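Student: No letters, just coordinates:
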């Protein structure tokens, strides 16, 4: 289990490093288009800082609002309340705020910027179907996201993909406004043409590449949260059984889920489709593979 956690941490940070390289590359190309490398890097830095601050301090509350989550009360959901409290003590973190979504789908997610400002949300459908050990497995999975700062990590990843998209759009508009023509007129030989073609390709492909990297990070963090959840409960079959029930859910669609929040859930909140291409654009690894790894533990 600890090998699984360590390996996924390394791979996840490598993927985020790739995002940072993309942002720097976009900033450099913008600078070259306007004949000022430092200007391009400054634009990338300013965009990154502003977007990051908004996402960091407002991301959690915005996600809960978009999802239609309602706060959990001890009187209304005593079992969920006590499960959250007990596992948070076991994980040695502050007890996250509990929320419930009125939805028949079997799902859950955690969000927030750190353990002190975290929340765990589950659907009413999940609460009705899971037994005690299965619910503990699901909550332990989500608390592992909290304890490992996955909630901050995935929020950072979402911010990075937003920055990459904004900079790519800025670069495309720069060419439309004539920045590329100004640059090419001062270039010798075919250098200007090469810069324009390279810049256009970068502006078009970078958001797609960034999205693929974001999804790959999301899949790696799910494996790690599964392993950490098993460590927390010391009972991998609990989470494995919960995932098996989730896989058989006849209506997995969470009504208020969207592409911006899909990576947060314990399982994809949309209808799962098979195939290699669909796998690349999936926010989650296959449940079958997750169950297999848990059973091997």
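Tutor: Alright, I've got the coordinates. Since the model is a prediction, treat every value here as computed from it, not as a measurement.

Student: Extract the residue ranges of the stretch 1-150 of the chain that are flagged as low pLDDT.
Tutor: Where the stretch 1-150 of the chain drops to pLDDT under 70, the residues are 1-9, 11-12, 15.

Student: For it, which segments count as strands?
Tutor: 70-71, 97-101, 108-112, 118-123 (DSSP state E, counting those that start in this stretch).

Student: Tabulate those strands (TSV), appending mean neighbour count and distance to residue 222.
Tutor: Every residue, glycine included, has its C-beta placed from N, CA and C. Listed next are these as TSV, based on neighbours: other CB atoms under 10 Å; distance: least, CB to CB, whole Å:
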stretch	mean neighbour count	distance to residue 222
strand 70-71	14	25
strand 97-101	21	19
strand 108-112	26	11
strand 118-123	26	15
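
Student: could those be laid out in TSV, adding distance to residue 90?
Tutor: Putting the strands of the stretch 1-150 of the chain into TSV (distance: least, CB to CB, whole Å) gives the following:
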stretch	distance to residue 90
strand 70-71	23
strand 97-101	16
strand 108-112	16
strand 118-123	14
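
Student: closest one to residue 84 among the ones you listed?
Tutor: strand 97-101 (5.2 Å; CB to CB).

Student: what's the closest one packed up against?
Tutor: strand 70-71, helix 78-91, strand 118-123, helix 124-129 (3 or more CB pairs under 8 Å, 6 or more residues apart in numbering; DSSP states H and E).

Student: what's around residue 253, how many residues?
Tutor: Using other CB atoms under 10 Å, residue 253 has 14 other residues around it.

Student: May I have the phi/psi pair for it?
Tutor: phi -70, psi 120 (degrees, to the nearest 10).

Student: Could you report the separation of residue 255 from residue 267?
Tutor: Taking CB to CB, to the nearest Å as the measure, residue 255 falls 15 Å from residue 267.

Student: ditto for residue 68
Tutor: 18 Å.

Student: Outline the domain layout of the chain.
Tutor: 2-63+152-216, 66-150+217-296 (automatic domain parsing).

Student: Could you identify which of these is most buried?
Tutor: Of all the domains of the chain, domain 66-150+217-296 has the most neighbours on average by mean count of other CB atoms under 10 Å, namely a mean of 19.
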